[in-house]
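Novice: structure for this input, please:
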Amino acid sequence: MKSHITVNNITQSQIKQLQKIKAGLAEGTTQATDKELAKFCGTKNGPAWITGQYDKTSVSILRGDVIGPFKQTDKDGKVTGFFRLPFHLLEDSDPVSDEKLQKVAESVATRLPVQEEVSTPDADVAKIDKTEPKSTKEVKEVSFIPPVDKSYVKFGHHKDIESIIKSNIFYPAFVTGLSGNGKTFMIEQICAKLKRECIRVNVTIETDEDDLLGGFRLVDGETVFHKGPVVDAMERGAVLLLDEVDLASNKILALQPVLEGKGVFLKKINEWITPKNGFTVLATANTKGKGSDTGAFVGTQILNEAFLERFAVTFEQDYASNAIEKKIVIGAMETVGHVDEDFALHLVKWADIIRKTYHDGGVDEILATRRLVHIATSFGIFKDREKAIDLCIARFDDETKESFKDLYEKIDETVGDVVDTPTDELDKTPF
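Specialist: Now for the predicted structure:
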């Protein structure tokens with residue numbers, strides 16, 4: 001079958017594909033297999049306009065339309081598996097240059113408008129698209145350095161994790177602790193301070209190798225391999241943050257070679273990725289990868305022992321001390337422009353009593369630092385202590401909500417009914 005591709009209708013993208021193929025083949029070669037074409041173009045299959053094939057549900061189907069294929073046959077007319085490469089189109093074609101486009105535009109701009117019959121141009125010639133795809137260099141120029149948050153307060157294992165990241169040594173670390181105590185925020189702010197790129201991956205039970213390492217995507221009718229965030233972090237020498245890693249299924253084992261620091265083989269495109277200096281992995285979780293006995297963290301999984309063993313150290317992050325937590329709450333108030341230090345002190349004392357009761361088994365819920373920040377922000381919006389508290393503890397069941405509210409009213413006499421409560425009563429468990 002003859003191809004109808006000519007110097008007059010070949011597109012810019014087809015010219016670029018031909019140039020890639022020609023650069024990849026030995027000089028003088030004028031034919032190639034579908035596998036070779038796919039390799040040079042970085043696609044799953046060779047370009048459809050050459051091979052006459054398109055991919056449907058992972059099956060290559062022969063397409064016999066007017067634009068292809070460039071099939072090679074032997075003297076008996078049998079298909080050989082090779083495709084003739086129309087390199088002559090590169091020599092004869094004359095793509096429109098930017099200089100020519102500028103001259104045409106200036107010429108058109110100086111002409112008087114002429115009333116003509118309105119018509120709809122063909123889709124193929126309606127617009128000359130000069131947009132070039134981003135080069136690898138341009139993509140790498142995108143920065144993944146987190147922004148500095150002025151409200152951040154150092155505490156816990158900040159210094160230790162900063163030492164790991166600053167060392168540029170590959171040293172995977174596992175950070176575990178109750179919800180909302182600043183694990184992820186701490187890592188991001190350390191990277192912001194050190195001006196280190198941090199690529200965060202939020203892990204779920206659905207996360208698989210395709211999400212992590214990369215897979216094929218449909219682009220302009222072609223299947224193109226896109227590298228995943230893990231590979232991006234390796235090639236950049238960035239910090240890879242696996243957030244909520246204990247929600248992962250056994251598909252997370254695709255990262256085993258990555259956690260050894262030796263690199264990873266992308267079997268879908270036959271490419272070996274070597275990590276750049278500075279690359280390391282930090283993981284955060286509410287558990288230690290052994291599941292949740294209390295049921296507080298539904299969905300957490302029992303992670304594979306071999307996976308956990310690849311993390312060199314584990315940091316157990318607790319909530320900040322009262323003094324530090326007060327600074328955090330005041331920082332949140334400053335962000336919204338409404339500071340009340342007495343209110344901040346009451347909130348911290350309130351949360352501390354609830355946490356002690358939680359650890360003693362008196363309640364099933366806990367007030368996280370994140371929840372106090374929510375209350376501080378709500379206070380900045382509504383300018384009302386009681387309303388801010390009511391709205392932010394409404395997520396708890398009625399019994400817990402009432403117990404929490406009753407306790408706060410004993411601490412802050414400006415909220416609820418005024419009740420004279422002896423100081424020593426505040427030290428007693430109210431539940």
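Novice: right, and L241 touches F185 too?
Specialist: No. When contacts are counted by C-beta atoms under 8 Å, L241 is not listed as touching F185 (10.9 Å). (Each C-beta comes from the backbone N, C-alpha and C, glycine too.)
Novice: the two: who's more crowded?
Specialist: L241 (25 against 19; other C-beta atoms under 10 Å).
Novice: can I take it that that one is in a helix?
Specialist: No. Secondary structure assignment places L241 outside any helix; it is strand (DSSP: H, G, I helix; E, B strand; the rest coil).
Novice: what's the closest non-adjacent residue to it?
Specialist: R200 (4.4 Å; C-beta to C-beta, 6 or more residues apart in numbering).
Novice: tell me if I'm right that the one you found and V245 touch.
Specialist: No. Distance between R200 and V245: 11.5 Å, which falls outside the contact criterion (C-beta under 8 Å).
Novice: who's more crowded, the two?
Specialist: Higher neighbour count among R200 and V245: V245, with 30 against 19, using other C-beta under 10 Å.
Novice: tell me who's in contact with that one.
Specialist: If you count contacts by C-beta atoms under 8 Å, 6 or more residues apart in numbering, V245 has them with 174, 203, 252, 283-285, 289, 303.
Novice: how much space between it and E141?
Specialist: For V245, the distance to E141 (C-beta to C-beta, to the nearest Å) stands at 29 Å.
Novice: and which of the contacts of V245 is nearest E36?
Specialist: Nearest to E36 out of the contacts of V245 is I252 (C-beta to C-beta; 34.7 Å).
Novice: so the closest one sits against F307, correct?
Specialist: Yes. The pair I252 and F307 passes the contact test of C-beta under 8 Å, sitting 6.4 Å apart.
Novice: these two: who's more crowded?
Specialist: For I252 against F307, the residue with the higher neighbour count under other C-beta under 10 Å is I252, and the figures read 24 against 18.
Novice: ok, now how distant is that one from L308?
Specialist: When C-beta to C-beta is applied, the distance between I252 and L308 equals 11 Å.
Novice: likewise T80?
Specialist: Counting by C-beta to C-beta, the gap from T80 to L308 is 53 Å.
Novice: higher neighbour count, these two?
Specialist: L308 (18 against 11).
Novice: which strand or helix spans the more buried one?
Specialist: Using DSSP states H and E, the element containing L308 is helix 305-309.
Novice: what strands flank whichever helix or strand comes after that helix, and is each parallel or antiparallel?
Specialist: Using DSSP H and E, the helix or strand that follows helix 305-309 towards the C-terminus is strand 313-316. As defined by DSSP bridges, the strand partners of strand 313-316 come to strand 173-176 (parallel).
Novice: next SSE after the partner strand?
Specialist: Reading on from strand 173-176 to the C-terminus, the next helix or strand found by DSSP H and E is helix 183-194.
Novice: can you dump the C-alpha coordinates of that next one into PDB?
Specialist: In PDB, the C-alpha atoms belonging to helix 183-194 read as follows (Å, rounded to 0.1, in the frame of the first residue of the first chain):
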ATOM      1  CA  LYS A 183       5.900  14.800  61.200                       C
ATOM      2  CA  THR A 184       5.400  15.800  57.500                       C
ATOM      3  CA  PHE A 185       5.500  19.500  58.200                       C
ATOM      4  CA  MET A 186       8.800  19.100  60.000                       C
ATOM      5  CA  ILE A 187      10.500  17.300  57.000                       C
ATOM      6  CA  GLU A 188       9.200  19.800  54.500                       C
ATOM      7  CA  GLN A 189      10.400  22.800  56.600                       C
ATOM      8  CA  ILE A 190      13.800  21.300  57.100                       C
ATOM      9  CA  CYS A 191      14.100  20.900  53.300                       C
ATOM     10  CA  ALA A 192      12.900  24.500  52.900                       C
ATOM     11  CA  LYS A 193      15.600  25.700  55.300                       C
ATOM     12  CA  LEU A 194      18.300  23.700  53.600                       C
END
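Novice: buried sites along the following helix or strand past that helix?
Specialist: Scanning the chain past helix 183-194 towards its C-terminal end, the next helix or strand to appear is strand 198-202 (assignment: DSSP H and E). Judged by neighbour count (16 or more other C-beta atoms under 10 Å), strand 198-202 contains these buried residues: 198-201.
Novice: K327: which of those residues is nearest?
Specialist: Closest to K327, out of all of those and judged by C-beta to C-beta, is C198, at 23.6 Å.
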